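J.: coords please:
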Amino acid sequence: MKNKVIAALLSVAMVATTMVGCGSSTGAAETTEDAAEEDAAATEAAEETLSADASGQTITFWHSMGGVNGEAIDTLVNKFNEENELGITVQAEYQGEYDDSINKLKSAQLGNMGADLVQIYDIGTRFMIDSGWVVPMQDLIDADGYDITQIEPNIAAYYTVDNELYSMPFNSSTPILYYNKTMFDAAGITEVPTSLPGIAEVADDLVSKGGAGEAISLGIYGWFFEQFTCKQGASYVDQGNGREAAATAVEFDTNGSALNTLTEWKALYDAGYAPNVGRGGDSGLTDFSSGKSAMTLGSTASLKQILQDVNGSFEVGTAYFPSVTAEDKGGVSIGGASLWALENGDDAKKAATWEFIKFLVSPESQAYWNAQTGYFPVTTAAYDEQVFKDNVAQYPQFQTAIDQLHDSAPEYAGALLSVFPEARSIVETEIENMLNGKQSAEEAVDKMASDINNSIEEYNLLNE
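T.: Okay, here's the model as predicted:
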């Protein structure tokens, strides 16, 4: 059972007794009046926090952006340090990959975590909510009267539980279909496939007429499996996809979505249309950028890298992430990461952290961030910035990502699961075993469900 830490905003560390989405009788006994009183107390505490003097404070920001993305982070941090009128100084510290960052946080102590603000990947959301280490972003939003409607609703939905935004979206992406338009034109294909069977229908022509060595380089990636579940409008886990309470078991086995996905995936593989190109989100990009495959799946944030690698050797097209079957009417879920304010018992630092967060999601900052990295602007007003307009004009393929995001809906926000990193690894292992002929699609689904359910059970027992 997980604590909803609202009173953590107080200078005296205190854990609220309200349970998030609890299914027990004690949780059900909470009245609407109790909840209203707690919300009021949280807002009052946050107002007290934001009234603290943030002037001259130094805060530490942990992030996981390397390379070009890290350079963009540094530029934004330097701009804030130079221009904020309160003399706040942000020290940005690269912590390695997403897993490294959250593991370092897990090894820290409450009140002595080494950071005031931390960037955590999407699949760490449920763990962060359960941890009791965070200042819920909604409390700061309410206390400051911040207009949350300026944040993209289909992005904010992922990080919202019980109508509370727990973290601030920052670098968000969705997966899309990349295709070699030059090959499609040579093959006489005028419509880009929208489903896995649709890919099979055009595959032979892409190879025989378009010159492709393979129809699609489909990386074995847990995120893609989750997206195929979303596209079917199905739940990955129980308890309202882990949003009403902590999940107790997967549902992708009982609702049939996993078997649907693996059956179509295996059909593409068996026909030679989607060979095993390895595990991970980037595993299919090399074959595509080299002109070997006619299509691939990848993050919207990969667009600039793909265009750079292709270097004009063919025309790159973009399309929506495919559904499992032509009848599916679901949407896509976001990936990437968000910003979490940590409870370190220092109101002045928390107030300074909030000022920095607002700067990072300002239209100007988000337009710059989008142009430099390819991640979505999480703030809708960023679309009005000239920097954004110029970037889309230069890279019109990115408009597909924006349209796909807007054509989805909050109900397809995706699952929350404390053991998501383990779950993704399990999914990838079993898909790989299936493709290598070690098991059937049915056996792969059963093994996925069994192993993930064991991980969920162990986690829940340790965190009762």
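J.: low-confidence ranges in this structure?
T.: Scanning the chain with the threshold set as pLDDT under 70 gives 1-47, 109-112.
J.: what about 50?
T.: 1-30 (pLDDT under 50).
J.: How is it divided into domains?
T.: Here the domain assignment for the chain is 7-172+336-410, 175-332+419-462, based on automatic domain parsing.
J.: Quick one: end-to-end distance for the shortest one.
T.: Read it as domain 175-332+419-462. 34 Å (C-alpha to C-alpha, to the nearest Å).
J.: what comes up buried for stretch 425-433?
T.: Across stretch 425-433, burial judged by 16 or more other C-beta atoms under 10 Å covers 425-431. Bear in mind the C-beta positions are built from the backbone N, C-alpha and C, glycine included.
J.: hey, C-alpha coordinates of that stretch in PDB?
T.: The C-alpha atoms that make up stretch 425-433 are tabulated as PDB, following Å, rounded to 0.1, in the frame of the first residue of the first chain:
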ATOM      1  CA  SER A 425      13.500  -6.700 -20.200                       C
ATOM      2  CA  ILE A 426      11.200  -9.700 -19.800                       C
ATOM      3  CA  VAL A 427       9.100  -8.700 -22.800                       C
ATOM      4  CA  GLU A 428      12.100  -8.300 -25.000                       C
ATOM      5  CA  THR A 429      13.600 -11.600 -23.900                       C
ATOM      6  CA  GLU A 430      10.500 -13.600 -24.700                       C
ATOM      7  CA  ILE A 431       9.900 -11.900 -28.000                       C
ATOM      8  CA  GLU A 432      13.500 -12.700 -29.000                       C
ATOM      9  CA  ASN A 433      13.000 -16.300 -27.900                       C
END
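J.: Show which residues not belonging to that stretch make contact with it.
T.: If you take C-beta atoms under 8 Å, 6 or more residues apart in numbering as the criterion, stretch 425-433 is touched by 220-222, 225, 262, 265, 276, 279, 439, 444-445, 447-448, 451-452, 455.
J.: Just the buried residues out of the residues you listed, in ChimeraX syntax.
T.: Here is the ChimeraX command that selects the buried residues among the contacts of stretch 425-433 (16+ other C-beta under 10 Å):
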select :220,221,222,225,262,265,279,444,445,447,448,451,452,455
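J.: Among the buried residues of stretch 425-433, which ones are in helices?
T.: 425-431 (DSSP state H).
J.: Just put those in JSON lines and tack on distance to residue 285.
T.: As requested, those are arranged in JSON lines below (distance: C-beta to C-beta, whole Å):
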{"residue": "425", "distance to residue 285": "20"}
{"residue": "426", "distance to residue 285": "23"}
{"residue": "427", "distance to residue 285": "20"}
{"residue": "428", "distance to residue 285": "16"}
{"residue": "429", "distance to residue 285": "21"}
{"residue": "430", "distance to residue 285": "23"}
{"residue": "431", "distance to residue 285": "18"}
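J.: ok, those vs residue 64, which is closest?
T.: Using C-beta to C-beta, residue 425 is the member of those that lies nearest residue 64, at 18.2 Å.
J.: And what about residue 171, helix, strand or coil?
T.: strand (DSSP: H, G, I helix; E, B strand; the rest coil).
J.: tell me the strands in the stretch 301-450 of the chain, going along the chain?
T.: With DSSP state E, counting those that start in this stretch as the criterion, the stretch 301-450 of the chain has strands at 316-320, 335-342.
J.: rewinding a little: next, give me the two most distant ones among the contacts of stretch 425-433.
T.: The most widely separated members of the contacts of stretch 425-433 are 276 and 455, with 25.0 Å between them, by C-beta to C-beta.
J.: what number of residues lie near residue 362?
T.: For residue 362, the count of nearby residues is 18 (other C-beta atoms under 10 Å).
J.: Looks like residue 61 contacts residue 89 (just checking).
T.: No. Using C-beta atoms under 8 Å, residue 61 is not in contact with residue 89; the gap is 10.6 Å.
J.: quick one: which of the two has more around it?
T.: A count of neighbours by other C-beta under 10 Å puts residue 61 above the other of residue 61 and residue 89, at 23 against 16.
J.: give me every residue that touches the more buried one.
T.: Contacts of residue 61 by C-beta under 8 Å, 6+ apart are 77, 90-93, 115-119, 356.
J.: Could you export these as TSV, including secondary structure?
T.: Output for the contacts of residue 61, formatted as TSV (three-state DSSP):
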residue	secondary structure
77	helix
90	strand
91	strand
92	strand
93	strand
115	coil
116	coil
117	strand
118	strand
119	strand
356	helix
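J.: Neighbour-wise, give me the winner out of those.
T.: That'd be residue 118 among these, by other C-beta under 10 Å, with 29 neighbours.
J.: Just grab the bridge partners of the residue nearest the centre of the chain for me.
T.: Per C-alpha atoms, centre = their mean, the C-alpha nearest to the average position across the chain is that of residue 335, at 2.2 Å. On the basis of DSSP bridges, residue 335 is bridged to residue 173.
J.: For the residue lying closest to residue 192 once chain neighbours are set aside, give the beta-bridge partners.
T.: Excluding the flanking residues, the one nearest residue 192 by C-beta to C-beta, 6 or more residues apart in numbering is residue 319, at 4.3 Å. Here residue 319 shows beta-bridge partners residue 177, assigned using DSSP bridges.
J.: I'd assumed residue 175 was in contact with residue 319.
T.: No. In this structure residue 319 lies outside contact range of residue 175 using C-beta under 8 Å: 11.2 Å.
J.: what about those two, which has more around it?
T.: residue 175 (27 against 17).
J.: shouldn't residue 335 be in contact with residue 169?
T.: No. Applying C-beta under 8 Å, one finds residue 335 not in contact with residue 169, separated by 11.3 Å.
J.: returning to that earlier point: what would the contacts of residue 61 look like in TSV with distance to residue 288?
T.: Below are these laid out as TSV (distance: C-beta to C-beta, whole Å):
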residue	distance to residue 288
77	34
90	38
91	39
92	33
93	34
115	37
116	40
117	36
118	33
119	28
356	38
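J.: so who does residue 269 touch?
T.: Contacts of residue 269 (C-beta under 8 Å, 6+ apart): 275-276, 435.
J.: Now, those residues that are in helices?
T.: Using DSSP H, the subset of the contacts of residue 269 located in helices is residue 435.
J.: Just give me the closest of the contacts of residue 269 to residue 127.
T.: Of these, the one sitting nearest to residue 127 (C-beta to C-beta) turns out to be residue 435, at 30.1 Å.
J.: pretty sure the closest one is touching residue 267, no?
T.: No. Counting by C-beta under 8 Å, residue 435 stays clear of residue 267, with 11.4 Å between them.
J.: Of these two, which one has the most company?
T.: Higher neighbour count among residue 435 and residue 267: residue 435, with 21 against 16, using other C-beta under 10 Å.
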